[in-house]
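[1] pasting the sequence and the predicted coordinates here, then a few questions.
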Amino acid sequence: MRALEAIAAADGGAGVDILKLLAEIPLSRPDAETPIEVLIIGDPIQTVAGEPHFSMRDDEGGFRLPSDAHIRASLAETPYGTAGREAALAAVTVHLCRVPDGEAWASDADEALNRFWSLFIAHQGGQLATWTDDLATCLDRFVERARKGAKAFVLDESEEGLVMKTVSRAKVATEDGTATLGGIEVESFNLFSTRAHPMLPGVEVVTGIKYDPRHYPRRYDHAWCYFVRYRNGVPVRFDIGARSYGQSVRWRSAQVRAQRTAGIAASDVLAAREACQLPDGSASGG
């Protein structure tokens, strides 16, 4: 237990490449029948080197998760694909001790992370038996080969787009002109919301609003909206519009080259304006 606590408190960061770790198990195990208990201690927010558009933390530091379509796809399409590897983790039980690398996340984000990794492991024949930030509990369950108490989730077969879905951020607390996000005092912060694109199935239009804690929630600094369209696994971002406090909306002009790359029409880009949730010019909106 002392060794685990030392690992959790280390300054080197808590990031874990869960995808790589789990991919190596079927390559190194002596046989596919012998049960294996796997203990993972670290941050379950996956980053993907060289392909940041697949990372679970976006450019603004917020959380996002692969849609269920990623799990049903192949590795050629997405690093989260499990097609053709349905027995890769047969008889493998995973116990994951969460150690956030940086700010903590809200409860709904935690549930979403638990759900994704449970489904990802289950669709390769394994089980995520433990999901907790209590190291003592995690170690006890690992040693006892515990199975009870694990949540069961069902894959959404209707999801088709290989998109990264936005997960809500940690709640913001403000007091006396200061703000804390995940327990960390910040000089400014962004709040995000999403809405389905009216014409492109599986695509979400994201709206971001930047605030100064001294003025929150009465007024904002500036806001912007965009969406990302994936084509053959390649992300193409479309910036739709922006607005500063007290100013009119500045809609972006058509991006012809990006439209061709993404395989969509100019009308698809214009339709995204309907899903933008830019606040009005003189209030917090949202």
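    Thanks, I have it.
[2] all strands of the stretch 51-200 of the chain, in order?
    Secondary structure of the stretch 51-200 of the chain by DSSP state E, counting those that start in this stretch: the strands cover 64-66, 92-98, 127-132, 164-166, 172-175, 178-181, 184-186, 189-196.
[3] pretty sure residue 228 sits against residue 52.
    No. Residue 228 is beyond contact range of residue 52, at 11.8 Å (criterion: Cβ atoms under 8 Å). (C-beta placed from N, C-alpha, C; glycine too.)
[4] more neighbours, these two?
    Neighbour tally, residue 228 and residue 52, criterion other Cβ atoms under 10 Å: the higher count belongs to residue 228, 17 against 12.
[5] let's verify that one: helix, strand, or coil?
    Here residue 228 is strand, with the state taken from DSSP: H, G, I helix; E, B strand; the rest coil.
[6] now do it against residue 55, distance only.
    Applying Cβ to Cβ, to the nearest Å, the value for residue 228 to residue 55 is 13 Å.
[7] residue 72 too?
    In terms of Cβ to Cβ, residue 72 sits 20 Å off from residue 55.
[8] quick one, which of those two is more surrounded?
    Neighbours were counted for residue 72 and for residue 55 using other Cβ under 10 Å; residue 72 has more, 21 against 16.
[9] pick the most buried one from the strands of the stretch 51-200 of the chain.
    Most buried of these by mean neighbour count (mean count of other Cβ atoms under 10 Å) is strand 92-98; its value is a mean of 24.
[10] how much distance is there from that strand to the middle of the chain?
    19 Å (Cα atoms, centre = their mean, to the nearest Å).
[11] now what about that strand, what contacts it?
    Identification of contacts with strand 92-98 by Cβ atoms under 8 Å, 6 or more residues apart in numbering yields 4, 8, 22, 25, 35-44, 110, 117, 121, 125-135, 138-139, 141-142, 145-147.
[12] hmm, try it at 6 Å
    36-41, 44, 121, 126-131, 133, 135, 138, 141-142 (Cβ atoms under 6 Å, 6 or more residues apart in numbering).
[13] please flag which of those residues sit within helices.
    In this view, these that belong to helices under DSSP state H are 121, 135, 138, 141-142.
[14] about what we covered before: for PyMOL, what selects the buried ones among the contacts of strand 92-98?
    Entered in PyMOL, the line below selects the buried ones among those, by 16 or more other Cβ atoms under 10 Å:
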select buried, resi 36+37+38+39+40+41+44+121+126+127+128+129+130+131+135+138+141+142
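[15] now do the helices in this structure.
    2-8, 18-28, 68-72, 107-122, 135-144, 256-262, 266-271.
[16] just checking, what packs against the third one?
    What that stands for is helix 68-72. With contacts defined as 3 or more Cβ pairs under 6 Å, 6 or more residues apart in numbering; DSSP states H and E, helix 68-72 has no helix or strand neighbours.
[17] report the rounded mean pLDDT for it.
    Averaged across helix 68-72, the pLDDT comes to 92.
[18] tell me which residues are up against that helix.
    78, 80, 82, 119-120, 123, 155-156, 159-162.
[19] likewise for stretch 153-167?
    Counting by Cβ under 6 Å, 6+ apart, 63-65, 67-70, 78, 109, 112, 115, 118-119, 194, 202, 230 sit against stretch 153-167.
[20] now do the buried residues in that stretch.
    In stretch 153-167, counting by 16+ other Cβ under 10 Å, buried: 153, 159, 161-167.
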